[in-house]
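>>> compute the structure for the input listed below.
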Amino acid sequence: MIPEIGLMIGFFIITVMLSYISRSGEKKEHPVVNIFALLTIIFTVIIMIDLFARGVEIDKLFSGVKF
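Numbering: from 1, shown residues only. You can find the predicted model right below:
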């Protein structure tokens with residue numbers, strides 16, 4: 001359950017950062033904001049992959065346990 005929540009938050013963060021990057025006209029962000037948004041996307045993807053991998057390992061660990 002926890003990995004799924006983390007992945008949902010990760011996708012939300014990516015969506016917001018893509019919104020910052022894609023703005024144009026008067027709402028266009030400063031280039032520094034775009035660079036930080038891109039870095040945030042990269043770090044979020046790395047953390048999401050790690051979270052997913054750890055979640056799969058935990059599921060394998062408890063696959064034979066009955067509660």
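>>> drop to CA atoms for contacts and neighbour counts, all remaining ones
OK.
>>> surely Pro3 and Leu51 touch.
Yes. Assessed by Cα atoms under 8 Å, Pro3 is found in contact with Leu51 at 6.1 Å.
>>> contacting residues around Ile2?
By Cα atoms under 8 Å, 6 or more residues apart in numbering, Ile2 lies in contact with nothing.
>>> let me know the pLDDT of it.
In the prediction, the pLDDT value recorded for Ile2 is 74.
>>> any idea how far it lies from Val32?
As defined by Cα to Cα, to the nearest Å, Ile2 lies at a distance of 33 Å from Val32.
>>> okay, and the closest residue to Met48 other than its chain neighbours sits in which element?
Among residues not flanking Met48 along the chain, Leu7 sits closest, at 6.0 Å (Cα to Cα, 6 or more residues apart in numbering). Here Leu7 sits within helix 2-22, counting by DSSP states H and E.
>>> residues contacting the residue nearest to Met48?
Residues near Leu7 by Cα under 8 Å, 6+ apart: Met48, Leu51, Phe52.
>>> remind me which residues of the protein are low pLDDT?
Counting by pLDDT under 70, the chain shows low-confidence ranges at 1, 58-67.
>>> kindly list the longest helix within it.
Looking across the chain with DSSP state H, the single longest helix is helix 31-61.
>>> and the most centrally placed residue in the chain, what does it touch?
Centroid check for the chain by Cα atoms, centre = their mean gives Gly10 as the closest residue, at 2.5 Å. The neighbours of Gly10, taking Cα under 8 Å, 6+ apart as the test, are Thr44, Val45, Met48.
>>> not including adjacent chain positions, what is the nearest residue to the second one?
Read that as Val45. Excluding the flanking residues, the one nearest Val45 by Cα to Cα, 6+ apart is Gly10, at 7.4 Å.
>>> next one: the first one
When the adjacent residues along the chain are set aside, Thr44 lies closest to Gly10, with 6.0 Å between them (Cα to Cα, 6+ apart).
>>> report the separation between that neighbour and Ser22.
18 Å.
>>> for Phe11, same thing?
16 Å.
>>> quick one: which of these two has more around it?
Each of Phe11 and Ser22 has its neighbours counted (other Cα atoms under 10 Å); Phe11 has more, 16 against 11.
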